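> Dropping a prediction and its sequence here:
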Amino acid sequence: MILSLRKVRGEIYLIPAFLFILIIFYIPLSGILIKGIQNENGQFSLENIIGIISSPYYRKTIFFTFSQAIVSTVFSIIIGIPGAWIMSHYSFPGKKFIKAIITIPFILPSILVVLGFVLFFGKNGLLNNALNVLGFEDLKLLYSFKAIIIAHVFYNFPIAIRIISSLWEKIPQSQMMAAKSLGAGKIRVFRTITFHQILPSILTSSMIIFIFCFMSFAIILVLGGGPELSTVEVEVYRLAKVTLDLNRGSSLALIQSSLTLLFMFLYSSLEKYKSYEEKLLTKANRARYSLKLDLKSFLIIIYFIFVLLLIVAPPLSVVLESFKESRSLSGDSHFSLYWYREIFNPNSRGTYGKIAFNSLINSLFYAISTILFTIPVSTLVSWVITRKKLRFPALTELIFLLPFGISSVILGLSYMRLSLMLPDSFKGSAILVILAHSVISLPLVFKPVLSIFRKVKISLREAALNLGASGFRTFIDIELPLIKSGLLTGAIFAFAVSIGEMNATLMLSRPGTTTLPITIYRLIGSYKFFGACALGTILMFICLVAFMAIDKFDGFGE
Amino acid sequence: MKSFPGFLKAVLILTLLTASSLIFASGRQQSPDTTSKPLIVYSYDSFASEWGAGPSIIAEFEEKYGVTVELHAPGDGVTVLSQLILEKDNPKADVVIGLDNNLLARTLKENILEKYKSAEIKKVSKDLLFDKSYHLTPYDYGYFSICYDKENITNLPQSLEDLTNAEYKDSLVLMDPRTSTPGLGFLLWTIAVYGDDYLEYWDRLKPSILTVTESWSSGYGLFLKEEAPLVLSYSTSPVYHAEYEDTTRYGAIKFSEGNYEHIEGMGIVKGTGNRDLAEKFIDFMLADSSQKTLALSNIMFPSVTETELPESFKHAFYADNALLIESDTIEDKSSDWVQQWIENYGK
């Protein structure tokens, strides 16, 4: 009757993790999706779905969601390809710096992107002031289709650079050389050979950028806003939070989730190209050109100036504006540390300072709690997948990665509905926000943890056990140091996702549970830009520190 | 115990940590500060802005009664109402400020307020008492109006119809009736003037609209940043710029069809655990000093019409023809109107 636990099937160990994800993700989500195909009395009915599809407004919204995502993707790729080419073909002084700069968009919460854009591209923003000085007309960019596209491109073209260049630098030049020696021109070589070689990476990055833009929320909410520039995400939010039509909101959420899951499926089927990339093994031994004083280098420098402007200027505007104060709505501003004093000096705190400080504390608390939820689950699941026999390892992995395919607004909506059924004290409570953040960050935490477990050799552990070390000792002494970097990377992802999360939080938050991004959004809404910028600068600083830490543990830049 | 994988122990420890953090979380939530429970006030965002009336009235109130007040602004007026309805079963707020005459029907129907007839209400002009059931108490009023920026426009529109002229292409910032009180007010204004043909008016108006924003604050902010020369605001808006910026650059236009009236009310949230203090706050909003602050900081006509108005109010106007749609009609039709408007706008 002595049942050695080590012989027990892996599934047993997974029970707590399965229960966890069932309760915090699958049950709330299915509540919403089922609600989407019910009428007001809870009977099966497609009336809300049909109502949405037959409504010209929602049809236009769905169409707009697609079109803005497609246009954003195309421009992100077009701007990304030259960058990928340079990064994979040249070595030059400052390359590391450029590499670091293009990770900035990864670490900026979307609400900060919005804030930076309003400040930089606005009619009185830095760009137009500079243009005026040079004698040009104002550019009217904000609150238009163009504004949304620019913000999305800013956010996403670094993804294109990263994915495409990582494939490009591995492609051997032999074919290209052969074509050249046979007399093919440069354009022809690119069209017939190089383009096909890098096509898998273009497709993969396009798909992922498309998905991000399709689910984009804060950027659309602030830069688009009006009914003519609205997306499915924003409409789900409005139906749920403003119009209070949960039934219709659920139906729209069902439509949205079916689409995003379909896209995720397409994306994962592109992953098979990955094997092609792996076949190329390590970096091909290709010559790296250094820059010379010629036209090509000149163009490269122009490209990077453009990239730097696009990436650095908006966040920099946020930091600069945070040191300003104005006496009245449209009056002149002057240098001041007023906002920082308000936030950090308890004695001089007014309404702004109190709310800002509370949201800072809340954000930090939620972020740390999110780590405490996601790391144990990710570690347990990774351990079982890599060390135990499972009948369906791939499916198990998918179960914990699937939340990535559901938009956080819809997750917020399902939590909102769930909280209606919970006792009063749960409504609008911190626990719901923390659990929502945990679901959203789980796939991002799980990936690095799983991959570190895959790298660590089982034999080491077995050896230690054979030498008589106890299971616990083996874990602490042998495994933990080896997997530490993966765990830390995961933890920082959890922290960063939580601290920047706005969408689900906006659906759930009540006065006691506001976070930094929510407060910044509210401040932008009431046009208190300077105050928003001070909080934005603090948020940016926190994210920067977090990602520098990832870079240290994980070589994020690679 | 040797067969018990050490790894599981580690997981167990982490789980315990998590559990303790949860307990900490719920502790933080419920820590009842029995000594002085703060009064929680919800309002629209411009009231809470540091240029708004909120901060100074609240500071005086806090000093007078030795209490703390937390002011929260989830968005524009309609958003505030939605938030209250969402929290109906478990209200967080004690007092709400900024539900106007157009939201009265919905407010009463949702049953989210407690009745309160302030002793100060006798000072309020009778015409302004838009809620005969005393759930909402008027604290100020004004008229929706199109405001302009003299430096960016010369030929002013004189009517709703003029706004559709080609010369005003992309010149007007409006607000969304789904989220904001001025947005809803403007929609009702067009209905009061055009009746059942209002959607055709909107079709003609559409080319003139630069954008439709979520809240008055963001729309007016766009206007001040010179993104557009015309904006939906109030007949009193120029007062602000005359008073604080000493400029007559901004003006409000009296329209030939009349301007839609807007009376702002406040009330005590149903289920408040702080009724005494909430009553005091309502009374305080009607006190002379607050009414003066409202005139000068919320930039509206005070509901205590005796209040002495500063010089700068000569830049504001009272509508000769104040338009209003009956509250009952609004209750019956407003959600349809908003729905039709959005469907039509999305065409």
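That came through fine.
> quick check, distance from the helix or strand harbouring B:L71 to the centre of its chain.
Secondary structure assignment for B:L71, by DSSP states H and E: strand B:69-75. Centroid separation for strand B:69-75 versus its chain: 12 Å, with C-alpha atoms, centre = their mean, to the nearest Å.
> Could you pull up the residues touching B:L99?
Listed by C-beta atoms under 8 Å, 6 or more residues apart in numbering or on different chains, the contact partners of B:L99 are B:77, B:80-81, B:107, B:136, B:264-267. For glycine as for every other residue, the C-beta is placed from the backbone atoms N, C-alpha and C.
> Show me what stretch B:239-254 is in contact with.
Contacting residues not belonging to stretch B:239-254 are listed as A:327-331, B:51, B:145-151, B:156-158, B:233-238, B:296, B:299, B:310, B:312-313, B:315-317, B:319-320 [C-beta under 8 Å, 6+ apart].
> Let's see which of these end up in helices.
B:237-238 (DSSP state H).
> buried subset of the contacts of stretch B:239-254?
Buried members of the contacts of stretch B:239-254, scored by 16 or more other C-beta atoms under 10 Å in any protein chain shown, are A:329-330, B:51, B:145-149, B:157, B:233-238, B:296, B:299, B:312-313, B:315-317, B:319.
> What pLDDT is listed against the most centrally placed residue in chain B?
Note on chain B: the residue nearest the mean C-alpha position is B:G77, at 3.4 Å, using C-alpha atoms, centre = their mean. As predicted, B:G77 sits at a pLDDT of 83.
> And it, how far from B:S180?
As for B:G77, its distance to B:S180 is 6 Å (criterion: C-beta to C-beta, to the nearest Å).
> domain assignment for chain A?
In the assignment given by automatic domain parsing, the structural domains of chain A cover A:1-38+A:364-558, A:47-316.
> Just say which of these is most tucked in.
Most buried of the domains of chain A, by mean neighbour count (mean count of other C-beta atoms under 10 Å in any protein chain shown): domain A:1-38+A:364-558, with a mean of 20.
> give me every residue that touches the residue nearest to A:L46 when sequence neighbours are not counted.
Closest residue in space to A:L46, ignoring its immediate chain neighbours: A:I37 at 6.2 Å, by C-beta to C-beta, 6 or more residues apart in numbering or on different chains. Residues near A:I37 by C-beta under 8 Å, 6+ apart: A:44-46, A:48-49, A:251, A:254.
> quick one: which of these is nearest to chain B?
A:N48 (13.9 Å; C-beta to the nearest C-beta).
> what sits against the closest one?
A:N48 is in contact with A:36-39, A:247-248, A:250-251, counting by C-beta under 8 Å, 6+ apart.
> Filter the residues you listed down to the ones in helices?
For the contacts of A:N48, the ones inside helices are A:36, A:247-248, A:250-251, with DSSP H as the criterion.
> among those, which two are most distant?
Spatially, the most separated pair among these is A:G36 and A:R248, at 9.1 Å (C-beta to C-beta).
> all strands for the chain, in order.
All of this is about chain A. For chain A, the strands defined by DSSP state E occupy A:324-326, A:333-335.
> um, chain B though
Under DSSP E, chain B gives strands at B:39-44, B:69-75, B:95-100, B:113-114, B:137-149, B:172-175, B:209-213, B:230-234, B:250-253, B:259-269, B:301-302, B:322-323.
> If you rank every helix and strand of chain A by mean pLDDT, what lands last?
For chain A, the helix or strand with the lowest mean confidence is helix A:273-279, at a mean of 62 (criterion: mean pLDDT, DSSP states H and E).
> What separates the first and last residues of stretch A:20-38, distance-wise?
Length of stretch A:20-38, first residue to last, C-alpha to C-alpha, to the nearest Å: 27 Å.
> again with stretch A:185-197
One end of stretch A:185-197 to the other measures 17 Å (C-alpha to C-alpha).
> who touches it?
With C-beta under 8 Å, 6+ apart as the criterion, stretch A:185-197 contacts A:167-168, A:171, A:175-176, A:179-180, A:184.
> one step back: which of the strands of chain B has the lowest average pLDDT?
Ranked by mean pLDDT, those end with strand B:69-75 at the bottom, a mean of 84.
> Contacts (any at all) between chain A and it?
Yes - using C-beta under 8 Å from any C-beta of the partner chain, we find that strand B:69-75 touches chain A at B:70-75.
> Looking at those, which is nearest A:L229?
Closest to A:L229, out of all of the residues of strand B:69-75 next to chain A and judged by C-beta to C-beta, is B:G75, at 18.4 Å.
> does the closest one really touch B:D45, like I thought?
Yes - the pair B:G75 and B:D45 passes the contact test of C-beta atoms under 8 Å, sitting 6.2 Å apart.
> Please enumerate the shared neighbours of those two.
Common neighbours of B:G75 and B:D45 (C-beta under 8 Å, 6+ apart) are A:522, A:525, B:215.
> Just put those in CSV and tack on pLDDT.
Formatted as CSV, the shared contacts of B:G75 and B:D45 follow (pLDDT from 0 to 100):
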residue, pLDDT
A:R522, 84
A:G525, 73
B:S215, 80
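> ok, so of these, who is nearest A:L239?
Taking C-beta to C-beta as the measure, A:L239 sits nearest to B:S215 out of those, at 18.0 Å.
> State which helix of chain A is the longest.
Identified as the longest helix of chain A according to DSSP H is helix A:351-387.
> quick check: angle from it to strand B:69-75?
70 degrees (axes from the mean of the first three to the mean of the last three C-alpha atoms, to 10 degrees).
> what about helix A:351-387, near chain B?
Yes - applying C-beta under 8 Å from any C-beta, one finds helix A:351-387 touching chain B at A:351-352, A:354-355, A:365, A:368-369, A:372-373, A:375-376, A:379-380, A:383.
> pLDDT-wise, what's the bottom of those?
Among those, A:T351 has the weakest pLDDT, 71.
> how near is it to B:T272?
Shown here: A:T351 relative to B:T272, a distance of 20 Å by C-beta to C-beta.
> now swap in B:W202 and tell me
Taking C-beta to C-beta, one finds B:W202 at 40 Å from B:T272.
> ok, A:E501 to chain B distance?
With the distance defined as C-beta to the nearest C-beta, to the nearest Å, A:E501 ends up 16 Å from chain B.
> what sits against the closest residue to that residue other than its chain neighbours?
With C-beta to C-beta, 6+ apart as the criterion, A:E501 has its nearest non-adjacent residue at 5.5 Å, and that residue is A:H437. When contacts are counted by C-beta under 8 Å, 6+ apart, A:H437 touches A:366-367, A:369-370, A:494, A:497-498, A:501, A:504-505.
> how close does the residue nearest to A:L46 sit to B:E167?
From A:I37 over to B:E167 (counting by C-beta to C-beta), the distance is 50 Å.
> got it, and A:I70?
Per C-beta to C-beta, A:I70 is found 35 Å from B:E167.
> Having no further points to raise, I will conclude here.
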